[in-house]
Every structure is written in structure tokens, then in C-alpha cells.
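S.K.: Starting from these lines, generate the structure:
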Amino acid sequence: MRSPDSYGAVPTVDDLRLVHLTYAGMGKPTASVEFDPALTVIYGASDTGKSFIVESIDYMLGGTRTPEVPEAEGYSQILLGLRLPGGAALTLMRAPRSNTIHIYRHDLRDLVTGFADTQVTAAHTARSKNSLSLFLLGELGLADLRIRKNEAGGSRGLALRDLVHLCVIPETRMVDPLSPVLHSSAASGKTVAASVMRLLLTGDSDPDIDTGLNAGQRRVNKGKIALLNQIILDLQSKLTTNENVRDLRDRQARLQASIDEHSTTLRVITDRHLAAVTARMRAAEELSAVESRLAEVGDLVSRFGLLEEQYRSDLARLEMVTEAGSLLGYFRVGTCVFCGAEPEHQHPGHGEHETTQLHLAVQNETAKTSALLADLLPTIEDLRAQFAALGARRTSLLQETARMDAEIRTTEGELAPLRERMEEHLQVRSEIERSLELHVRIDELEERRSQLDGETVGPGQRPAEYVPNRTLSSFDDMLRRTLEAWKVPSVEFAEYDQYAMDVRAGGRPRSSRGKGVRSVLHSAFTTALAQFCLGNDRPHPGFIVLDSPVVTYRDPIADDPVGDDVDLTSHVVDHFYRDMLDFPGQAVIIENGDPPIDVLSEARSYRFTGTGPGRHGFFPVSATDS
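M.R.: Now for the predicted structure:
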């Protein structure tokens, strides 16, 4: 493998090479990463600027969307160092949100103040005469290549973005169900995408075909085109944003993630609210029953208390009668206390009989009342215990209902702003979906308008539309060898279906699989395409940039309605990295997980820690603190 230490030791190559990406600004510490001419691995913690690097490379190679993170505030220049075929150094300098790119034929890695050797525009159009696309394609010897632009056979020059789209893959595109060869789902781009793939696989450029019409046809079609233009303008006036389809889809994806997050939070809080309401109802029902029983028991305790007092009063009176009778001799057998007669002189049944009967009656009444009191006291004790227990339970239920009332108020307070934000998100999503529908309609009308320019072209003038089977089979073999080298399960018999314009594996299109499989198939397609082109002298920049190429998903994704996933274990990841050591061009890999140690020893690597020792991220810590 080539030494990663410096470009000076690298043999001359016929392809383009990324040298470094640098952010510079007045008074700001320089943020930079250097790329190995063979393999660069950037890995580590999330939210440290790894994907930002990929987005910045794409932006510097003619992208329209400026990568934005808070740490980039204050940086006024983005520098992308390149090595041209033959070894010459080149530096592209572009400001954020600018369409102008300054080109320096030197390797610059700090704030640039000098005049540029060349100045070009980032965007490339059919009328461009001084664009980055024309400049770099000229340096790569690809400026004369042409591709089809419509079904009528009209052609245009190959653009740099046609190639960058197939070699710089951000994470959002890596997992997107959209085919790796398509820029969007609009029908207008399929002809161009198919033509680019045919060019890369066969090396055959499309002829420069004039699809102009004769005078009569131009007059007829002029009215049709004018009508289409008016309809397109009307539709464009209904667009509420200047975002393109890609920006809208990115925002839609971010918004959907936020909606999913809010839905989860709403579901959790709603469950809490429902549980609190249910518990409050159960507690209220039990409290009502407890209070009813408490009133009954309290009434019984009161009544039985009065009865106890009555029994004790009766016993006291009986005791008093007994004591009084004893003192007066009413209950003593002998001389009559009334007449003084001795017992022998008393007639039968006299005082003895009366006294004895009175004594027995008092004793019997005392015994009966004591027995009733003895039976009553345990009942009263049990009722008092019930009353105490019911009172304690009532206090507990009152506390529980108060707590549930507080929980209900809290959850209702949390739900109100969440529901409001959810409604706002749903409204914005509807607006985005409406804008996307308008873009699709506009693309269809523009495609129809472009077809009007070539309706008179005869079939004999049209270029071949499809890739020959022998060439396509050769590429499919490369794709399968790549997946086999990575040891990816459940993707047997992988192929590029040029008619469906999608990758198929395991008998299913890539778009129907889960995120993990979509990611690894996109990575394998990009890698195999680059290897095929480099090995067969086909047009290709010579480098690939892959963001999260082997995402691992252990289980099917519940919120992803499209397809299932397979278990991409660390075994697959290790084989992927080791295979990339033998990649014939330049590869830049962005991942969260740690690569194998033996790969790190041979590749240029950056580990972003986020916190702790080591490099925190793409931007220096002082930059984020300033």
C-alpha cells in the first residue's frame, strides 16, 4: 500500500486526489483534515463534524447547499486541496453561501489573501463558459464527453456533478431508498442518470445530436412551449420556499425525525396522564366507599358507646342496691328487720322468702348485664380498630388523589405545548409535501418541454439507450465480489437493474430493504463502480467518499415502513475496512464505530472524541468556545 505520510512519495496517478479540507477565518484557529492518497478513516463520537466534512467536500465540488454548524460561524474561507493527474497541486477556495470559486495552483492551507490564478462559478449550466465543472473535467480529460438529456436523443456535455453524485455519498443519501444513480425521483432526471451510467460502464460518449425543429414545427411547438412555460411559472409562484427538492427532502427527513421524537414524547406523557386519570378515578371510587363505611362504623361506635355506658350505669345501680340491702339487712337471714320476730316465730315465707328472692334477682340481673357488657366490649374494640384503619386509609387516599391531581395538572401542562408544536410540525410537513408535489409536477412539465425539442428526431439518430449485457454482467460480477469480500449476509446475486435503475440483491430491490441493507448496498455499488471504472479505463474522478457505509442495525426498524434489515455484525465491518485497503483509487470513510487496529496502522485516521483527551472534532475546541 502507498505511504500515507506525504504526497511527495506517492507515484503519479491519472486521477484526481483529495489532499486536504481546511476552514480558515480571520482570528479563528484553522480547522483542517488531510486525506491519504489511498485510505483515510475518520471515526468517533457523534456530533463532532464527521458528516460535516463530507458535506463540505460536496459543497466545494460544485454543491449548492452550504454546510452549516454553529462551530463554523466566523470562518470565511473553505479550502479544498486537490492533486491533479500528473501530480500538480491545486487549491479551491470558496466562501460560504457563494457561487464563486477561486482556484490557486498551489497547496494552500491557511487564510488566503492573494489573487487567484483562475476564478470560476460553482454552478454549471448549459451556457456556462467558465465553471468549476468545465475546468476540472478539462484537467481530467473528460471535457468532450456528452450524455443524453432527454428521450428525444438530445445531448449535453458531461457535468462534474454527474460524477460527484456517484462518488461523494453523504449519510442521508446512503440510507435513502432512492436509487444510487438518481438525483431525485423526478422523471426528468432518469434519462440523464441512465446515460451517465452507460458512459461510465461502456466509455461511449453520446453523439452531439441537434434536435432542432423545422420552421413549421417550431411555430407549432412554440405555442406549446409558451403554454408549458406559463404553467411552470404559475406552479413556481405557488412554491413558498426557494429550496430545491434535495433541500426539501433533507428538511422533510429532519422534520419527520422531530415529529417521531415528539410523537414518542407525546405518547409517553399521554400514557402518564391516562395512568394518573385512571388512578385518580380508582382512588375516588375507593375513597367514596371508605368514607361511606367510615360513617357507618362511626355511627355504630357512637351507638355502642352509649350502650356500654348504659350497661355500666345499670351495673352501678345494681351494685348500689346490693350494698344498700346489705347495710339494711335486706339480704341477711335471721330476725325480721321489720317486726323483730325471730326466725322460729316467723310464719312460712315471711321476710326470709322475700329477702332471698330480692337478693337472687339482683344477682341475676347483675350477671346478665355483665355478660352483655362482656360481649359488647370486643365488638366496640373491633369497630374502633376498623374506624382507625378506615381513617388511615382515607388519609392515604386523599394524599393519593392530591398527588394524582398534581400529576394530571403537570402532564396537561406538558401536553399543551407539545401538541401545539406537533400541530406546527404537521403543518410545516404538509407545506413541504405540497412543495415537493409542485416540484414533481414542474419536473414533469419541464421534461415534456424538453421532449418537444426533439420530437422529429428519427430512430436512426437516437443513441443506444441501454448498457450491453456483457458489460453489465462484468460490472455485476464486480459488485458481487465486493459484497462477498465484505461478507454481507442475505444479499446474494446482487446486480444493477438498468431498467428499474436500482440495485437488486437477494431477489429484492434495494429500495424495499431496511436502512442497514440500503446503506451497505449503496456503499458496495459506489465502490464497485469506482473499481470497474478505474480497472477498465472508464471516466471517473478516482476517489470515493462514504459517510456511514456499514451502519449496523440489530433489529428491524419499527418506524421504517420500508423493508427489513439483516444483522451487520462487526465481522462485516472488519472485512469492509480490510477490503478498502486494496481499493485501487482513493477512499475516505466516515463512521462512528472503531475500525480494526490493523487497518488503522495502514490508513490515515482521525478519531474525534467529542470530550476527553484527543482531538475533539473537526473544529478546534477554542473555535467552539470563541
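S.K.: give me phi/psi at Glu68?
M.R.: Main-chain dihedrals, Glu68, degrees, to the nearest 10: phi -130, psi 130.
S.K.: again, but for Ala587
M.R.: Its backbone dihedrals place Ala587 at phi -130, psi 130, with angles given as degrees, to the nearest 10.
S.K.: again, but for Glu495
M.R.: phi -160, psi 160.
S.K.: That one and Ala289, how far apart?
M.R.: If you measure Glu495 against Ala289 using C-beta to C-beta, to the nearest Å, the figure is 72 Å. C-beta here means a position set from N, CA and C on the backbone, and glycine is covered the same way.
S.K.: In the protein, where is pLDDT below threshold?
M.R.: Screening the chain residue by residue with the criterion pLDDT under 70, one finds the ranges 1-14, 126-128, 152-153, 209-218, 221, 324-358, 450-465, 551-570, 622-626.
S.K.: tell me the centre residue of it?
M.R.: With distances taken as C-alpha atoms, centre = their mean, the residue of the chain nearest its centroid is Ala257 (4.7 Å).
S.K.: Which parts of the protein belong to which domain?
M.R.: Under the assignment automatic domain parsing, the domains of the chain span 13-143+596-626, 144-211+464-592, 259-430.
S.K.: helix, strand or coil for Ala500?
M.R.: Secondary structure assignment for Ala500 (DSSP: H, G, I helix; E, B strand; the rest coil): coil.
S.K.: Hmm, Arg508 and it touching each other?
M.R.: No: the pair formed by Ala500 and Arg508 falls short of the contact definition of C-beta atoms under 8 Å, at 11.4 Å.
S.K.: Glu495 and Ala289: which has the busier surroundings?
M.R.: For Glu495 and Ala289, the more surrounded residue by other C-beta atoms under 10 Å is Glu495, and the numbers stand at 16 against 13.
S.K.: Tell me what the more buried one is bridged to.
M.R.: With DSSP bridges applied, Glu495 shows beta-bridge pairing to Arg504.
S.K.: for this protein, longest helix please?
M.R.: With DSSP state H setting the assignment, residue counts place helix 351-452 as the longest helix in the chain.
S.K.: name the element the residue nearest to the centre of the chain belongs to?
M.R.: Here Ala257 sits within helix 245-328, counting by DSSP states H and E.
S.K.: From the chain's centroid, how far away is that helix?
M.R.: The chain centroid and the centroid of helix 245-328 are separated by 44 Å, computed with C-alpha atoms, centre = their mean, to the nearest Å.
S.K.: what separates the closest residue to Thr125 other than its chain neighbours from Gly542, distance-wise?
M.R.: In space, Thr125 comes closest to Ser131 once its chain neighbours are excluded; the distance is 7.7 Å by C-beta to C-beta, 6 or more residues apart in numbering. For Ser131, the distance to Gly542 (C-beta to C-beta) stands at 20 Å.
S.K.: do Glu309 as well
M.R.: Distance, Glu309 to Gly542, using C-beta to C-beta: 108 Å.
S.K.: higher neighbour count, those two?
M.R.: A direct count of neighbours by other C-beta under 10 Å for Glu309 and Gly542 places Gly542 higher, at 22 against 10.
S.K.: Buried ones in stretch 115-130, by neighbour count?
M.R.: Burial within stretch 115-130, assessed by neighbour count using 16 or more other C-beta atoms under 10 Å, is assigned to 116, 120-124.
S.K.: got the end-to-end distance for it?
M.R.: 17 Å (C-alpha to C-alpha, to the nearest Å).
S.K.: Could you check how far that stretch is from the centre of its chain?
M.R.: Average the C-alpha atoms of stretch 115-130, do the same for its chain, and the two points are 38 Å apart (C-alpha atoms, centre = their mean).
S.K.: got the contact list for it?
M.R.: The set of residues that contact stretch 115-130 without belonging to it, under C-beta atoms under 8 Å, 6 or more residues apart in numbering, is 62-64, 93-94, 98-105, 131-135, 156, 159-161.
S.K.: which of these count as buried?
M.R.: Neighbour counting by 16+ other C-beta under 10 Å classes 62-63, 93-94, 101-104, 131-135, 156, 159-161 among the contacts of stretch 115-130 as buried.
S.K.: Which of these fall within strands?
M.R.: For these, membership in strands holds for 93-94, 101-104, 156, with DSSP state E as the criterion.
S.K.: pretty sure Lys487 contacts Tyr577?
M.R.: No: with the criterion set as C-beta under 8 Å, Lys487 and Tyr577 do not qualify as a contacting pair; they are 11.9 Å apart.
S.K.: what about those two, which has more around it?
M.R.: A side-by-side neighbour count of Lys487 and Tyr577, using other C-beta under 10 Å, places Tyr577 first with 25 against 15.
S.K.: Which helix or which strand is home to the more buried one?
M.R.: Using DSSP H and E, the element containing Tyr577 is helix 570-580.
S.K.: so what secondary structure elements neighbour that helix?
M.R.: Under the contact definition 3 or more C-beta pairs under 8 Å, 6 or more residues apart in numbering; DSSP states H and E, helix 570-580 sits against helix 469-486, helix 515-535, strand 586-591, helix 597-600.
S.K.: cutoff 6 Å now
M.R.: For helix 570-580, the contact count by 3 or more C-beta pairs under 6 Å, 6 or more residues apart in numbering; DSSP states H and E identifies helix 469-486 as packing neighbours.
S.K.: how much does the helix it packs on deviate in direction from helix 515-535?
M.R.: Interaxial angle of helix 469-486 relative to helix 515-535 (axes from the mean of the first three to the mean of the last three C-alpha atoms, to 10 degrees): 120 degrees.
S.K.: which other residues reach stretch 85-92?
M.R.: Here stretch 85-92 makes contact (C-beta atoms under 6 Å, 6 or more residues apart in numbering) with 12, 14, 60, 79-82, 84, 101, 104, 106-108.
S.K.: Do me a favour and get the end-to-end distance for it?
M.R.: Taking C-alpha to C-alpha, stretch 85-92 runs 16 Å from one end to the other.
S.K.: Return the set of buried residues in that stretch.
M.R.: Taking 16+ other C-beta under 10 Å as the neighbour-count basis, stretch 85-92 is seen to contain the buried residues 90-92.
S.K.: same deal with stretch 190-209?
M.R.: Under the neighbour-count criterion of 16+ other C-beta under 10 Å, stretch 190-209 has 190-201, 205-206, 209 buried.
S.K.: List buried residues within the contacts of stretch 85-92.
M.R.: By 16+ other C-beta under 10 Å, the contacts of stretch 85-92 give 60, 79-82, 84, 101, 104, 107-108 as buried.
S.K.: Any chance of JSON lines for those residues, columns distance to Ile225?
M.R.: Output for these, formatted as JSON lines (distance: C-beta to C-beta, whole Å):
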{"residue": "Met60", "distance to Ile225": "36"}
{"residue": "Leu79", "distance to Ile225": "43"}
{"residue": "Leu80", "distance to Ile225": "40"}
{"residue": "Gly81", "distance to Ile225": "45"}
{"residue": "Leu82", "distance to Ile225": "41"}
{"residue": "Leu84", "distance to Ile225": "42"}
{"residue": "Ile101", "distance to Ile225": "33"}
{"residue": "Tyr104", "distance to Ile225": "43"}
{"residue": "Asp107", "distance to Ile225": "49"}
{"residue": "Leu108", "distance to Ile225": "47"}
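S.K.: all strands for the stretch 101-250 of the chain, in order.
M.R.: With DSSP state E, counting those that start in this stretch as the definition, the stretch 101-250 of the chain shows strands at residue ranges 118-121, 146-148, 155-157, 168-169.
S.K.: What would stretch 226-240 look like as PDB? C-alpha coordinates only.
M.R.: Provided in PDB are the C-alpha atoms of stretch 226-240 (Å, rounded to 0.1, in the frame of the first residue of the first chain):
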ATOM      1  CA  ALA A 226     -45.100  29.000 -24.200                       C
ATOM      2  CA  LEU A 227     -48.100  27.400 -22.600                       C
ATOM      3  CA  LEU A 228     -45.900  25.000 -20.700                       C
ATOM      4  CA  ASN A 229     -43.700  27.900 -19.600                       C
ATOM      5  CA  GLN A 230     -46.700  29.700 -18.300                       C
ATOM      6  CA  ILE A 231     -48.000  26.700 -16.400                       C
ATOM      7  CA  ILE A 232     -44.500  26.200 -15.000                       C
ATOM      8  CA  LEU A 233     -44.300  29.800 -13.900                       C
ATOM      9  CA  ASP A 234     -47.700  29.500 -12.300                       C
ATOM     10  CA  LEU A 235     -46.600  26.400 -10.400                       C
ATOM     11  CA  GLN A 236     -43.300  28.000  -9.300                       C
ATOM     12  CA  SER A 237     -45.200  31.000  -8.000                       C
ATOM     13  CA  LYS A 238     -47.100  28.700  -5.700                       C
ATOM     14  CA  LEU A 239     -43.800  27.500  -4.100                       C
ATOM     15  CA  THR A 240     -43.400  29.100  -0.700                       C
END
